[in-house]
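Engineer: Any chance you could fold what I've pasted below:
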Amino acid sequence: MITDTIAAIATGLTNAGISIIRISGNNAFEVIEKIFKTGPAGKNGYIKTNEVRANSVVYGYITDGEELIDECLVLVFKAPNSYTRENVIEIQCHGGVFVTKRVLETVLKNGARTAEPGEFTKRAFLNGRIDLTKAEAVINLINAKNEYAVRNSVRQLGGITYKAICEIREQIITDTAFIEAALDDPEHISIDGFTDVLKEHTENEISRLERLIASSANGRIMVEGINTCIVGKPNAGKSTLLNSIVGVERAIVTDIEGTTRDTLIETVSFGGITLNITDTAGIRETEDVIEKIGVEKSMEAISNADLILFILDGSKKIDENDITVYQAIKDKKVIIIINKEDIDNIIDISVLDTDFPVINMSARTGSGLDRLEKIIREEFYNGDIMINDEVCITSMRHAECMKNAKASLEMVLESVSAGMSEDFFTIDLLNAYTSLGYIIGEETEEDLINKIFKDFCMGK
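Structural biologist: Below you'll find the model as predicted:
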């Protein structure tokens, strides 16, 4: 049982308009009653929280003894109608770093302790206000890098993942309960023909899990961004394209072939899409030892990429170096960019005999960036990562638990096919039920809970 009272700064510790100090716990009201005076210059005396209605705002001053520290607002949330389902106080003070720290110090001196990272959300979970998928959605929302990650996190906060898992678990436990009841009371409950029903149910549950597991690859891209690799022969315009997408001169650009010797990585929001872009060394046969190392790193970056931007020099005909690059990337997801559309183009793309999308643009002027954004959006977010009513799994932990559940359900099907006794079914059914319970937090381990919440920021 949680009995202590915690406090932390819930906003960024930097000079700002306001700062928020959050207090939660059994003694939250007692703490604020010791340090908060109401009315102008605190002349109305210390606040009496029992006289303040729930979810209300009170104006006054934070004090340390007789010293007035800051003019502020205090928000009062009475349990269970709060974020943590405990008594909660939020102090909105002026946003200077020194005054914010001074207010927190005063709170801690009067009965609260410093909250651990994520402890407010952890208490919301432990007190039953949210399940574990919603708790994880909170940190995903805070860390979201693009509009799609935000949208998916909000949908998880709304319970879409929780609902999907609970529906599968409900069917599993219903089938398990029927088998157990039939085995305990065979005179009144017949199990004849139930194996066919169980087989159908289990196949449906496996199918649902397979769709969820398959979405996890898209979920990673949604949260972490698209690992994008710019490739091409030397001097095709790779570094110029990177600079154009990023919007600043990050890569050195010259007319000398082989200028880029190492990979350069940038993370950028490109039209609301997060791209983790790697600018690679030009791929070609070379005797230069350093350039060879750069080419090897380029090949490694290609193997780890979700998307390849293959850039061709439109002012030149396709040559052996272009063919070499194409052979290295043809099994990946590729967008072909014919660069230098601002000068006469003589390239013949049909030489490559490719079905990859092709766009003309000028990396130097930025012409065509809008077309590139449109194609990337279509290739990923309108196709592989369609935002609709489907659940998109963004947690590798969730995916692993689902794989374990699927394996257990597949063992149920094997037992059914082998004509084994019904009590064998319940063992694997319950294993699947337990594996899915770890996702939503109904099956918990203290180390797992601590690991999840340690990555939260202070005050959340």
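
Engineer: where does Met361 fall, phi/psi-wise?
Structural biologist: phi -160, psi 170 (degrees, to the nearest 10).

Engineer: Could you measure from the residue lying closest to it once chain neighbours are set aside over to Gly60?
Structural biologist: Leaving aside its chain neighbours, Met361 sits nearest to Gly368 (2.4 Å; criterion: CB to CB, 6 or more residues apart in numbering). For glycine as for every other residue, the C-beta is placed from the backbone atoms N, C-alpha and C. Noted for Gly368: a distance of 59 Å to Gly60, by CB to CB, to the nearest Å.

Engineer: before we move on, what about Val358?
Structural biologist: Note on Val358: its distance to Gly60, by CB to CB, is 66 Å.

Engineer: Would you map the helices across the protein?
Structural biologist: For the chain, the helices defined by DSSP state H occupy 28-35, 97-109, 119-126, 132-143, 147-157, 160-184, 194-224, 238-246, 289-303, 320-329, 369-376, 396-417, 422-440, 446-453.

Engineer: neighbour-wise, which of Gly368 and Gly60 wins?
Structural biologist: Gly60 (23 against 20; other CB atoms under 10 Å).

Engineer: Look up the closest residue to the more buried one, ignoring the ones flanking it.
Structural biologist: Thr38 (4.0 Å).

Engineer: Next one, pLDDT for that neighbour please.
Structural biologist: Thr38 carries a pLDDT value of 90.

Engineer: Dihedrals phi and psi, the residue nearest to Met361?
Structural biologist: The phi/psi pair for Gly368 (degrees, to the nearest 10) is phi 100, psi 0.

Engineer: which regions of the stretch 251-400 of the chain sit below the pLDDT cut-off?
Structural biologist: 251-264, 281-296, 381-390 (pLDDT under 70).

Engineer: my read: the residue nearest to Gly60 touches Glu51, true?
Structural biologist: No: contact status for Thr38 versus Glu51: not in contact, 10.1 Å apart, counting by CB atoms under 8 Å.

Engineer: which one of the two has more residues nearby?
Structural biologist: Shown here are Thr38 and Glu51; by other CB under 10 Å, Thr38 has more neighbours (17 against 6).

Engineer: Give the buried residues for stretch 57-70.
Structural biologist: For stretch 57-70, the neighbour count (16 or more other CB atoms under 10 Å) marks Val58, Gly60, Tyr61, Ile62, Thr63, Ile69, Asp70 as buried.

Engineer: so what's Ser190 up against?
Structural biologist: Contact analysis of Ser190 by CB atoms under 8 Å, 6 or more residues apart in numbering lists Ala182.

Engineer: Quick check: Ile376 touching Thr274?
Structural biologist: No: taking contacts as CB under 8 Å, Ile376 lies outside contact range of Thr274: 10.8 Å.

Engineer: Quick check: neighbours shared by those two?
Structural biologist: By CB under 8 Å, 6+ apart, the residues touching both Ile376 and Thr274 are Ile226.

Engineer: Give the burial count for Gln327, as a bare number.
Structural biologist: When neighbours are defined as other CB under 10 Å, Gln327 has 10 of them.

Engineer: ok so, going back, could you measure from the residue nearest to Gly60 over to Glu66?
Structural biologist: 16 Å.

Engineer: Can you give me the end-to-end span of stretch 364-377?
Structural biologist: 22 Å (CA to CA, to the nearest Å).

Engineer: swap that for stretch 447-458, please
Structural biologist: First-to-last distance for stretch 447-458 - CA to CA - comes to 19 Å.

Engineer: Tell me the buried residues in it?
Structural biologist: Neighbour-count burial for stretch 447-458 [16+ other CB under 10 Å]: Ile449, Ile452, Phe453, Phe456, Met458.

Engineer: give me every residue that touches the first one.
Structural biologist: If I follow you right, that is Ile449. Lys122, Phe125, Leu132, Gly441.

Engineer: Only whichever of the residues you listed are buried, select them in ChimeraX.
Structural biologist: Entered in ChimeraX, the line below selects the buried ones among these, by 16+ other CB under 10 Å:
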select :122,125,132,441
